[in-house]
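[1] coords please:
(4 chains)
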There are 4 protein chains.
Amino acid sequence: MSNSIGEKFQITSFGTSHGPAVGAVVDGCPANLQLTAEDIQKELDKRKPGTSSVTTPRKEDDEVFILSGIFEGKTDGTPITGVVFNKNQHSKDYSMLKNTPRPSHGDYGWMAKYGNYDYNGGGRGSGRVTIGHVIGGAIAKKLLKTQNIEIISHVTQIGDIKAEAQDFNSIKENIEKNPVRCADLKAAKQMEELILDKKQEGDSVGGIVETIAVNVPAGLGEPVFERLDGDLARILMNIGAVKGVEIGLGFDVANCTGSQINDEYKIENDAITTKTNNSGGIIGGMSNGMPIVSRIAVKPTPSISKCQNTVDLEKMENKKIEIKGRHDPCICPRVTAVAESSTAIILADHMIRSGFIHPTDLEK
Amino acid sequence: MSNSIGEKFQITSFGTSHGPAVGAVVDGCPANLQLTAEDIQKELDKRKPGTSSVTTPRKEDDEVFILSGIFEGKTDGTPITGVVFNKNQHSKDYSMLKNTPRPSHGDYGWMAKYGNYDYNGGGRGSGRVTIGHVIGGAIAKKLLKTQNIEIISHVTQIGDIKAEAQDFNSIKENIEKNPVRCADLKAAKQMEELILDKKQEGDSVGGIVETIAVNVPAGLGEPVFERLDGDLARILMNIGAVKGVEIGLGFDVANCTGSQINDEYKIENDAITTKTNNSGGIIGGMSNGMPIVSRIAVKPTPSISKCQNTVDLEKMENKKIEIKGRHDPCICPRVTAVAESSTAIILADHMIRSGFIHPTDLEK
Amino acid sequence: MSNSIGEKFQITSFGTSHGPAVGAVVDGCPANLQLTAEDIQKELDKRKPGTSSVTTPRKEDDEVFILSGIFEGKTDGTPITGVVFNKNQHSKDYSMLKNTPRPSHGDYGWMAKYGNYDYNGGGRGSGRVTIGHVIGGAIAKKLLKTQNIEIISHVTQIGDIKAEAQDFNSIKENIEKNPVRCADLKAAKQMEELILDKKQEGDSVGGIVETIAVNVPAGLGEPVFERLDGDLARILMNIGAVKGVEIGLGFDVANCTGSQINDEYKIENDAITTKTNNSGGIIGGMSNGMPIVSRIAVKPTPSISKCQNTVDLEKMENKKIEIKGRHDPCICPRVTAVAESSTAIILADHMIRSGFIHPTDLEK
Amino acid sequence: MSNSIGEKFQITSFGTSHGPAVGAVVDGCPANLQLTAEDIQKELDKRKPGTSSVTTPRKEDDEVFILSGIFEGKTDGTPITGVVFNKNQHSKDYSMLKNTPRPSHGDYGWMAKYGNYDYNGGGRGSGRVTIGHVIGGAIAKKLLKTQNIEIISHVTQIGDIKAEAQDFNSIKENIEKNPVRCADLKAAKQMEELILDKKQEGDSVGGIVETIAVNVPAGLGEPVFERLDGDLARILMNIGAVKGVEIGLGFDVANCTGSQINDEYKIENDAITTKTNNSGGIIGGMSNGMPIVSRIAVKPTPSISKCQNTVDLEKMENKKIEIKGRHDPCICPRVTAVAESSTAIILADHMIRSGFIHPTDLEK
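    Predicted coordinates for the structure are as follows:
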């Protein structure tokens, strides 16, 4: 089951960058959710390349077709299949990679494992497969919206430039105003410049993406192995370039004491809440009703045009490589759409699993 | 399936801190692995409390009994059940917690979810349930050892004290020489002092635990959703006090360029290897044959004796709480055993799933 | 996951006939179900051997201990572990079987698969492992009872003796009055005699067990792969001696026309019902609100004392075998408890999965 | 996970009879299997309607397109997606069914469950969704062929007409010579006449389909819950019209003694075999190396043009129904392709799970 994720709300992803299509089957979405191709297209457009100075100049239409699961404008409880046909494949760019694994790409592990490597643009290892994530995430977001849950991902760091914290509504508004999808507009400008510099040098740069989900009820997740934090960490670490995941204070807890960071309870407006949210909305594996906050460390795109050392797998000898093609100098802005989708998939799954959404019929 | 983890090598954990027993059923271990209760006991003793100045003074024997799965000294392919009967339960310590959720503990989410909370020492949310993890991990480690794979976890930071890096063999040796399980003996001494200070203050402190697995072959894990890094991140984040997980360089990738951190390939002794291991042994979701390196951020134990604010859930009013009982001022040293076990479980599972270990018979 | 069944209500079974214990972990039972060891013991006593003329004279106490999952008399949402320690093992009876597979027993497949066979009384292949099924089934039955669902299994055929049909209440009452657990008391007497004849001859005889579940709501099961009929067929076929499963009319549909057996709808007391129940309560993979009726074909116990041909696996030569030990001449009466439990497990699982029972808290 | 089946070799099916498409994602097929659309088309053509006197006159091209998973003529280890676009939908035939459940069809359970019913030709409950099964089965058969395993399904009974037993090669040859896919050509002629009679009467008739798999090694399946017989029973019972499943002697075991039907072992050509195959190739849940033989009871198509009683769900009143449309008077001949595919899927899955086929690379 290597290409599925989720238990009740389940995504099965398929396709490669240079095959006929990429897409996903979304199984377990309850019947009676209003859903159109437009709902999915809107989210896909956020991860689409070729839209700004800081992304790859490849133009891809990425138009989604729904092959199943909708009846008279609503989900009918059957699997929803979304497909994007590949159009813009420059296979000629890649043939020189046949026996030459690109540093810090999955090529070598792939060849060791499958003995049959699609060297065209990374094949199944390409970032293009996250179209499947976004198809699933778009449906999950629509479903969560019926429960008032909203999710937003934004860039908080590129290289050494860090954004100032903003509130949820400012983030929503500001990230649409700049190509970096950073909510601190001043930092965003500097980030954009840094990315363009690295692009100029034939290099790439990393960053951090934060995701916030609000209005999630207390009681999602299980206390031992099907914890909400564990499931979020998995799906976020599964995103291609991610090397770290943290919830709430994250790695800063190492240098704190219990009395400094424990989230004390209080009664507010007849409801239980916490004075602080250092836990990032998850304690003991379960949501506690506070905003769920995660951050991921995104490595610099490994595809760079600078000369690198590698090997020829057939001749078993050392070799140099300069990766041609049109690559993102910084993947963070486009990763926001994938982080948002990934978070939405896990939350939708747990909302159904925990009994907050009826498993088969949204109207029940 | 809220208390199981793993696909082919699967752990089902059970029990609470104050019920009759805790334990685990380990399903999917191939037949013909030599295994005794002693193999498991040895690992359990590493997480046992009451062994040093820096852990809780609670004494627990934690003696494991094997109820099934061994025939004539070897696994027989059937589920292995390990049980530790609870002996040292001071239930009187806990009754005052009945309607009073402890800050940054799972109590509140639990009550919201299950409506029936075992307030005795955290019940299923207690650290004591990790005995199940260690039972599973001990068997996984024995299984991995047959393939020459070794795993070690050690403390690299407590509060603001950071250890210097050591090689694999020094780590193995040095962590047994100090109660903190830190491989840098000078830092270990300072860490111990810091922990005792915090204990004195009725407070607690966080830290970082690193885990290294060596001799893992290339090709474990899948490229999209059943990635090795995602599965590791999940099981590590599932450990009670963990708020962050990183692989390889982790969050440091944010401030790096591709040309700085890409792991270039080279031929060495007729084998393919990388010049650096910034990826921490996993690229594109799959192992690449290099050591697998992860780090987890461990929060300070939320159980502190300092006075804290909380609420009375029945009366719905604010309340103060001072948590009695005997708690670890720093959980990191004992977490090493759990991190090691968790990593072993995932690697054993993927070794079987990827065809490196025969699924039913170790001798095949 | 070879020893678990169920998705939300999940049983993980462990143990062998001659190891220390047999039992099961029952995961996913919602919190707040009143449950005692007595509830489980009552069901175990139904499958207990040594209770009548027609079962094996082996006496086994089969006393269940609950190791986890109950807090103050109610389930707490954590895994429930039930264990029966083995006491009455005559290992001396079995040593001659070491390299000699018994005809129509699993021994040979086991050796081919695991290369390490527990030849003592069948090991994990023994009927004794169904204690785990009954532990799970007892809890499932208690859970279903809160929804007014009742399940009963009874013997409808032994050899060529067939019982007359009875209504649900007569079945419940009559099966307790005879050792064969047949609801037609006249046939029961003949069946008992037939079994004793076969026992006398050192032989065994097969039969049919029917299971009826009433008050199951319409809408359990999924239309394609997680169908209620498919899931029932699987768990029933999984019972050791079963070679056939049918729902409703079963194999008799082959010689019928659509107009003869279609279940026509009608309105009755303002509710929708069907005039007949030839479908056995399941159409299109989903329950339709009518009683769910299944039948299983139970083969004669393969352990017979008559001389049989087999092989010596070590010497690779033909050999004769006479199976000693104390065996059931007809397993059907004891299989009723297992069929009832198996059906209960599947119905409990689907009641939770389909949203009829809250997944975590029975009181919600 | 309601539309997926299989653990390592997994099918996720999607689509409805009157939506844009039906198909399946096949995940877990090892890399390096030679595979073309033609391999799948060949199997789909077997279940295609409109090909003979005894099937529905609906003409459907059912042309399959492969959207992913093939690279340079071979599987690449990534998910294989096969799609058939729907062309021949007469939606006008069905609108009168909107609130009128057809007797012995899934309509009523569907409405109870999902509250949103696709009344066009059965929607997801249509036999047309078995196109997904056959896409999966075609790939499974190709994979099994590399291990010398062959599977064939044939009709053994229609109404009261029973076929004489034939050997494996005769079955393969003869079923292609008649529209009923019965290997006894004399019986086949009578079956054809019976079906045409029933068609004339606006009625339908049931039957039995047998499936035989040869060259399956000993050791597939697990002894308790993931048994090969249980998994086969499930997938076969999951086929729309099936009401019974048996393995080997099936229900005939009820009237047999152990000494009559136990399969005794013997040495033959230095190999272990059994004198008889009453067990149908599976004992104790595991294959024993003998041919695997199953039979399914297929009910008469519930769609008949004769007048039937039903209800109007909106008005809650009794009503008459005459089902128009073009239906199969006997579904058995077309079910053979689905039974064959279903069996192939389970065997392929267990061949990988049991270590007979490498999970990722067929050439390993």
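[2] who's in contact with the worst-scoring helix or strand of chain A on mean pLDDT?
    Taking mean pLDDT, DSSP states H and E as the measure, chain A has helix A:107-114 as its least confident helix or strand, at a mean of 88. Residues from elsewhere that reach helix A:107-114 (CB atoms under 8 Å, 6 or more residues apart in numbering or on different chains): A:97, A:101, A:117, A:119, A:122-123, A:125, A:313, B:217-219, B:221, B:223, B:265, B:272, B:283-289, B:354, D:31-32, D:76-77, D:360-361. All C-beta spots, glycine's among them, are computed from the backbone N, C-alpha and C.
[3] which residues of chain A fall in helices?
    Secondary structure of chain A, counting by DSSP state H: helices at A:37-47, A:107-114, A:130-145, A:168-174, A:185-200, A:228-237, A:258-261, A:332-353.
[4] mind putting the ones you listed in a markdown table, mean neighbour count and distance to B:Gly19 included?
    A markdown table is the format used below for the helices of chain A (neighbours: other CB atoms under 10 Å in any protein chain shown; distance: least, CB to CB, whole Å):
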| stretch | mean neighbour count | distance to B:Gly19 |
| --- | --- | --- |
| helix A:37-47 | 18 | 46 |
| helix A:107-114 | 26 | 43 |
| helix A:130-145 | 26 | 36 |
| helix A:168-174 | 15 | 42 |
| helix A:185-200 | 18 | 52 |
| helix A:228-237 | 29 | 23 |
| helix A:258-261 | 21 | 26 |
| helix A:332-353 | 27 | 25 |
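[5] who's in contact with the residue of the stretch 151-300 of chain A at minimum distance from chain D?
    Here the stretch 151-300 of chain A gets closest to chain D at one residue, A:Glu226, 14.5 Å apart by CB to the nearest CB. Contact criterion CB under 8 Å, 6+ apart gives A:Glu7, A:Gly285, A:Arg353, B:Met1, B:Ser2, B:Asn3 as the residues in contact with A:Glu226.
[6] quick one: the spatially closest residue to A:Met237 that is not a sequence neighbour and A:Pro300, what's the gap?
    The shortest distance from A:Met237 to any residue other than its chain neighbours is 3.7 Å, reached at B:Ala233 (CB to CB, 6 or more residues apart in numbering or on different chains). If you measure B:Ala233 against A:Pro300 using CB to CB, to the nearest Å, the figure is 20 Å.
[7] also A:Gly28?
    Where A:Pro300 is concerned, A:Gly28 sits at a distance of 36 Å (CB to CB).
[8] pick out whichever of these two has more residues nearby.
    Legend: neighbour count by other CB atoms under 10 Å in any protein chain shown for A:Gly28 and A:Pro300, higher for A:Pro300 (31 against 23).
[9] so that one makes contact with B:Asn255?
    No: the pair A:Pro300 and B:Asn255 does not pass the contact test of CB atoms under 8 Å, sitting 9.7 Å apart.
[10] now a ChimeraX select for only the buried ones of the contacts of helix A:107-114.
    Entered in ChimeraX, the line below selects the buried ones among the contacts of helix A:107-114, by 16 or more other CB atoms under 10 Å in any protein chain shown:
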select /A:97,101,117,119,122,123,125,313 /B:217,218,219,221,223,265,272,283,284,285,286,287,288,289,354 /D:31,32,76,77,360,361
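[11] from the contacts of helix A:107-114, which ones fall inside strands?
    Here DSSP state E is the test, and the contacts of helix A:107-114 give B:Tyr265, B:Ile272, B:Ile283, B:Met286, B:Ser287 as lying in strands.
[12] and the gap between A:Val224 and B:Ala339?
    Computed with CB to CB, the distance linking A:Val224 and B:Ala339 is 16 Å.
[13] please disregard the earlier target; I meant A:Arg181.
    Counting by CB to CB, the gap from A:Arg181 to B:Ala339 is 34 Å.
[14] enumerate every residue touching A:Lys8.
    Neighbour list for A:Lys8: A:Gly28, A:Asp349, A:Ile352, A:Arg353, A:Pro359, D:Met1 [criterion: CB under 8 Å, 6+ apart].
[15] excluding covalently adjacent residues, which one is nearest to the residue in the stretch 201-350 of chain A positioned nearest to chain B?
    For the stretch 201-350 of chain A, the residue positioned closest to chain B under CB to the nearest CB is A:Gly284, at a distance of 1.9 Å. Beyond its immediate neighbours in the sequence, the residue positioned closest to A:Gly284 (CB to CB, 6+ apart) is B:Gly106, lying 1.9 Å away.
[16] re the thing from before, now render the contacts of A:Lys8 as JSON lines, adding pLDDT and distance to D:Ile151.
    Formatted as JSON lines, the contacts of A:Lys8 follow (pLDDT from 0 to 100; distance: CB to CB, whole Å):
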{"residue": "A:Gly28", "pLDDT": "97", "distance to D:Ile151": "31"}
{"residue": "A:Asp349", "pLDDT": "98", "distance to D:Ile151": "36"}
{"residue": "A:Ile352", "pLDDT": "97", "distance to D:Ile151": "37"}
{"residue": "A:Arg353", "pLDDT": "96", "distance to D:Ile151": "37"}
{"residue": "A:Pro359", "pLDDT": "95", "distance to D:Ile151": "35"}
{"residue": "D:Met1", "pLDDT": "54", "distance to D:Ile151": "25"}
